[in-house]
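Chemist: pasting a predicted model and its sequence here:
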Amino acid sequence: MNVLDALRGGLVVSCQPVDDGPLDRPEIVAAMAAAAAAGGAAGLRIEGVANLEATRRCVDLPIVGIVKRDLADSPVRITPFAEDARALVRAGADIVAYDATDRPRPETTAAILAEIHAAGALAMADCATRADAERALRQGAGIVGTTLSGYTDETATDSDDVDTDLISAFRALGGFVMAEGRVNTPDRAARAMAAGADAVTVGTALTRLEIMTGWFADAVRQAAGRR
Ligand SMILES: CC(=O)N[C@H](C=O)[C@@H](O)[C@H](O)[C@H](O)COP(=O)(O)O
């Protein structure tokens, strides 16, 4: 089965612990990934080459690899360099995701896409807008994701919900659509699919234990205050 068929209609679990937190270790990321596989995930999203190598050793599922970098002169964080894409594929990524926004960046999206394809992997465009997805599909991306909706100056939002309008807009473009970003409940995942997603990626609500704990701790504290 090809990678897109394996992902279609399935859940991708993004195993990205809170940076420098107690879970931010390759063996723990790999254990989270194995647990996600046991729970029925169709794929995984893994940040960093060491985490990807550790995960590939224990899980067979398709992996979307990324490298996040904080650059001094560009807001682009997700796989800004073609060299990172190559290293991710060498470590076992089937798909490499990259920032597909039209923002100042150290290397062109065309160069990154060319590298992903030369390494034999599929490219996933992490988009913020419909225009990003259109451009990415024209350039040959195999998957368009709503990953960056709400996270650029142009799309900044107070909403903490999934962007179903953008999912529907991507559906109309015709590529493989990944709903990603703020899919924090099973109901939101179902709404994302109903809006036209081919697959759904969930991160924080499954693998950032500190943040999930904060949601519950706040709710309990607020309820206690109302008593
Ligand atoms: C904007 C950005 O940098 N997104 C990142 C991309 O890899 C991750 O921090 C997110 O956790 C991931 O997209 C999944 O989304 P959520 O954690 O909301 O389920």
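Modeler: Yep, it's here. Not measured: the values here are computed from a predicted model. Numbers count the residues shown, from 1 in each chain.
Chemist: drop to CA atoms for contacts and neighbour counts, all remaining ones
Modeler: Fine.
Chemist: help me confirm that residue 66 comes into contact with residue 50.
Modeler: No: using Cα atoms under 8 Å, residue 66 makes no contact with residue 50, being 11.3 Å away.
Chemist: near the ligand, which residues of this protein show up?
Modeler: Residues of the chain that fall close to the ligand, judged by Cα under 6 Å from any ligand atom: 14, 147, 148, 151, 180, 181, 182, 183, 202, 203, 204.
Chemist: pLDDT score for the closest residue in space to the second one that isn't next to it in sequence?
Modeler: It stands for residue 147. Spatial nearest neighbour of residue 147, chain neighbours left out: residue 180 (4.7 Å); criterion: Cα to Cα, 6 or more residues apart in numbering. Note for residue 180: predicted pLDDT of 98.
Chemist: now do the helices in this structure.
Modeler: 3-7, 26-38, 49-58, 82-91, 109-118, 130-139, 164-173, 186-194, 204-207, 209-226 (DSSP state H).
Chemist: buried deepest among those, which one?
Modeler: When these are scored by mean count of other Cα atoms under 10 Å, the highest mean neighbour count falls to helix 82-91 (a mean of 22).
Chemist: ok and that helix relative to helix 109-118, angle-wise?
Modeler: Per axes from the mean of the first three to the mean of the last three Cα atoms, to 10 degrees, the angle that helix 82-91 makes with helix 109-118 is 20 degrees.
Chemist: what helices or strands is helix 82-91 leaning on?
Modeler: Judged by 3 or more Cα pairs under 8 Å, 6 or more residues apart in numbering; DSSP states H and E, helix 82-91 is in contact with helix 49-58, strand 63-66, strand 95-99, helix 109-118.
Chemist: just checking: what are the partner strands of the shortest one?
Modeler: For strand 63-66, the pairing partners within the sheet under DSSP bridges are strand 43-47 (parallel), strand 95-99 (parallel).
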